[in-house]
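Q: What follows is a predicted structure for the sequence shown.
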Amino acid sequence: MFTLPVLSQIVLNGITLSAIYILVALGFTLIFGVMRIINFAHGEFAMLGGFALLFLYSALNLNFFVALLLATLAVGAGSLVLEKFVYRRFYQREMPGMIASLGLSIALIYGSVVLWGTHQRSIPSAFSGIYKMGPVFITAERIAVIGVCVASLLLFYVVLKYTRMGLAMRVIAQDRATAEAQGIDTTSIYRYAFFISTAMAALAGGLIGQLFSLSPFMGHMPLVKAFIVVILGGLGSIPGAAVGGLILGLGESFVSTFYGASAAQFISFGLIIVILLFRPEGLLGRKEG
Amino acid sequence: MSMQSIRDGAVSRPRSPVRWALAAALAAFLLVYPFLFRGFLTHIGTLVLLTVIGATGFHLILRIGLVSLGHAAFAGVGGYTSVLLMMNYGLPWIVCFIAGGVSAALMALLVGPVVLRLKGVYFVLITFTFGEIVRLVFTDWQSLTGGANGISRIPPPWPALLDTTNYYYLAFVAAAATVAFSYRLLASDFGRKMDAIRESESLAEANGIPVFAVKVAVFAIGCTLAGLQGSLQAHFIRLISPVSYSFQESLNFLVMNVVGGTHSLAGPIVGAVFLVALPESLRGWVEYQFMIYGIILIVVMATLPGGLVELWQNVVRRIGSKISRGDR
C-alpha cells in the first residue's frame, strides 16, 4: 500500500489540490488583511472565472492559456465595478461587510442561475498527453495546472514583496492609520488589492472548471477551503496561506486515498479545532492587536 | 458603540405605556393572523414564529459580544434528537420536545467551555468549524440519521397539528414564551452582567462578575433555544436532512440579527420576518427571487448599519420632533 508509485501519485495529486487552494486562499486572506472584510462572495468570483473561461475557450476557440489569462483579467476588471458600488462602503467594518458580501454572493449565484441554468458543465479538456516520470504517471493537464499556479504565485509574491504597491498593501494591513498618515492613497491600493484577489480567485475557478466541473453553485467549495487554509495559516498572513494550503492539499490527498473523503474532512476540521485552541492566530499568523 | 448600546438597551427598561400598547396590538394581530391570511401565508407565518425562537437564542449570545456560526448545528441536535426519540421509541411529543432542548443544552455545556476560550473573529471561526463537524456527523452516521437524504414522514406532535392553523398557535405560544423569557432575562440582573461583559470583559471581571460562567450559561441558553426550534420545526416541516442545519442556516441567524438590529430584542424578530417572509413574497418573480433578495441585503447593510430597528427609531424620532415642534 505505501509503495513509492502510490505515494508519489498521492503527493502529486496533493500538490495539484494545494496549488488551487493556495490561489483561492491568498486572495481571501489579502482582502481580509487589507480591507478587513471576510468576503463571502470570494467563491463566486471563482465561479465567474470558470464560466468566463468556458465562454472564451469553448465558444470562441481561443488558445487555452490566452483564454485563461483573458478570463482572469475580465473577472478582475468586472469585479472593480462591484468594488465601487458595494465593497467600498464596507471597508474596515467587519460585520456589515460580511453580511453585504453574503448578499452579493447570493445575488451572483442566482444571477448566474438565470443566465446559465443549474446543470453541471465541463470545460473540454485542453490537454491529452500523459507522461511517465519514473514510477509516476502525470497528465499534461496537471502539469499545466501546477505550472499556472506556481507562476501566478511567484508573480503575486514579487508584486507584494518588491513593488511599492505591494509595500503599501503590507503597510495598510499592519496599521492603516499610519499608512494614511504617510500619504498612502488607501482608496487606490484597495482597488488594486481587490483586483488581485478576485483575479486569482477567477484563475483558480478556471482551473477547477478544467479539472472538475462548473455550475453556479460551485463557489461554495473554494470558499470553505479558503476558510480552512486561512485558519490553518492565520487570518491575514500570506506565508500562512501558502503553508496552510500545502498542509490541507497534501493531507486531504493522503487521507482520502487511504481512508475515504469523509475521513479527510473530519480530520481537517478536527485539526482546525486543535489549532484554534492552542494557537488561535494560526501557524504563521500574528496576534491580533 | 458603548453609548449607542446603552441608549438602545432601553428595551430592557420598560418605561412607556406606548410600548406595552404596541406589544399588545402586535399580539392581537398575531392571534387573528391565521384568519386574515389563510393557507400558504399561515404556513409562512408559522415558519417566521419558529425562526424567531432560534434567532432570539442567537441574539442572546450576540448580546455578550459573540457571533456563533454553529447555531444551526444546535438546532440540528435538537431536531434529530426529538425526531429519533419519537420515531424509534414512540415517546410522547412533549418528552421529545424537552429532550431536543436538553440535548442542545448538554452539547453547549460540553462544547462551550472549550470554544468560549476564544474571542472575536476566532470564536466565529471555531464555531463555524464545529458546525461543519456536526453536519458531517449528520451526513455520515447513516444508520441513525438516514445520511444525506435525512428523515422524512416525521409525525406531527399530535394528529390535530397536521392542520397548519393549529400548528401556527403552537408556534405562537412557543415564540411568545421565548421572547418574554428573553425580555425578562435581559432586563434582570443577569442581563446587566451580560451587557457589562460585552462592553468590557476585564472591567466586568474586576467588578466581581464571574465572566466565564456567565458566558457559558448564556451560550447554553441560546443553544437550548436553537434546539427547541429545531424540534418544533422538524415536526412542522416533517422532513429533516443535514442541509436543514448547514452553515448557510447558521449564517441566516446572523443575517437576521444584523439586518434587524443587534442592540435590541426587536432586532431578531424584525430580522426573522424580513428573512423568512421576504424571499417568499418575491415568489412572483420566481427566477429573480434570490437575486433581488441578495441585492436588498446589500442595500439594507449600506444604508442602515444599525439594522431595520434603526429605521423604526429614526421614524419615531422624526415624528416625535415634528409633534413637539407643532406644540410650540
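A: That came in fine, so what should we check first?
Q: So residue A:203 sits against residue A:153, correct?
A: No. Under the criterion of Cβ atoms under 8 Å, residue A:203 is not in contact with residue A:153, lying 10.4 Å apart. C-beta: built from backbone N, CA, C; applies to glycine.
Q: Of those two, which one has the most company?
A: residue A:203 (28 against 18; other Cβ atoms under 10 Å in any protein chain shown).
Q: quick one: average confidence on the helix or strand the more buried one falls within?
A: Per DSSP states H and E, residue A:203 falls inside helix A:186-211. The average pLDDT within helix A:186-211 is 93.
Q: buried sites along that helix?
A: A:186, A:189-211 (16 or more other Cβ atoms under 10 Å in any protein chain shown).
Q: again, but for stretch B:296-306
A: Under the neighbour-count criterion of 16+ other Cβ under 10 Å, stretch B:296-306 has B:296-298, B:300-302, B:304-306 buried.
Q: tell me what the helix or strand following the helix holding residue A:203 is packed against?
A: Of the helices and strands lying after helix A:186-211 in sequence (DSSP H and E), the nearest is helix A:220-233. Counting contacts by 3 or more Cβ pairs under 8 Å, 6 or more residues apart in numbering or on different chains; DSSP states H and E, helix A:220-233 packs against helix A:4-35, helix A:42-54, helix A:186-211, helix A:238-259, helix A:261-278, helix B:120-140.
Q: helices and strands around the first one, which ones?
A: Same thing as helix A:4-35. Packed next to helix A:4-35, using 3+ Cβ pairs under 8 Å, 6+ apart, are helix A:42-54, strand A:136-139, helix A:140-162, helix A:164-174, helix A:186-211, helix A:220-233, helix A:238-259.
Q: Please enumerate the strands of chain B.
A: B:151-152, B:239-240 (DSSP state E).
Q: With mean neighbour count as added columns, please give the ones you listed in CSV.
A: As requested, the strands of chain B are exported to CSV (neighbours: other Cβ atoms under 10 Å in any protein chain shown):
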stretch, mean neighbour count
strand B:151-152, 15
strand B:239-240, 20
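Q: Quick check: residue B:185 touching residue B:60?
A: Yes. Judged on Cβ under 8 Å, residue B:185 makes contact with residue B:60 at a distance of 7.2 Å.
Q: Common neighbours of these two, please.
A: residue B:221 (Cβ atoms under 8 Å, 6 or more residues apart in numbering or on different chains).
Q: Which of the two has more residues huddled nearby?
A: residue B:60 (25 against 18).
Q: measure that one to residue B:183 for me?
A: Distance, residue B:60 to residue B:183, using Cβ to Cβ, to the nearest Å: 11 Å.
Q: next one: residue A:168
A: As judged by Cβ to Cβ, residue A:168 and residue B:183 stand 49 Å apart.
Q: more crowded one of those two?
A: More crowded of residue A:168 and residue B:183, by other Cβ under 10 Å: residue A:168, with 20 against 17.
Q: roughly how far apart are the more buried one and chain B?
A: For residue A:168, the distance to chain B (Cβ to the nearest Cβ, to the nearest Å) stands at 24 Å.
Q: and what of residue A:141?
A: Taken as Cβ to the nearest Cβ, the span from residue A:141 to chain B is 30 Å.
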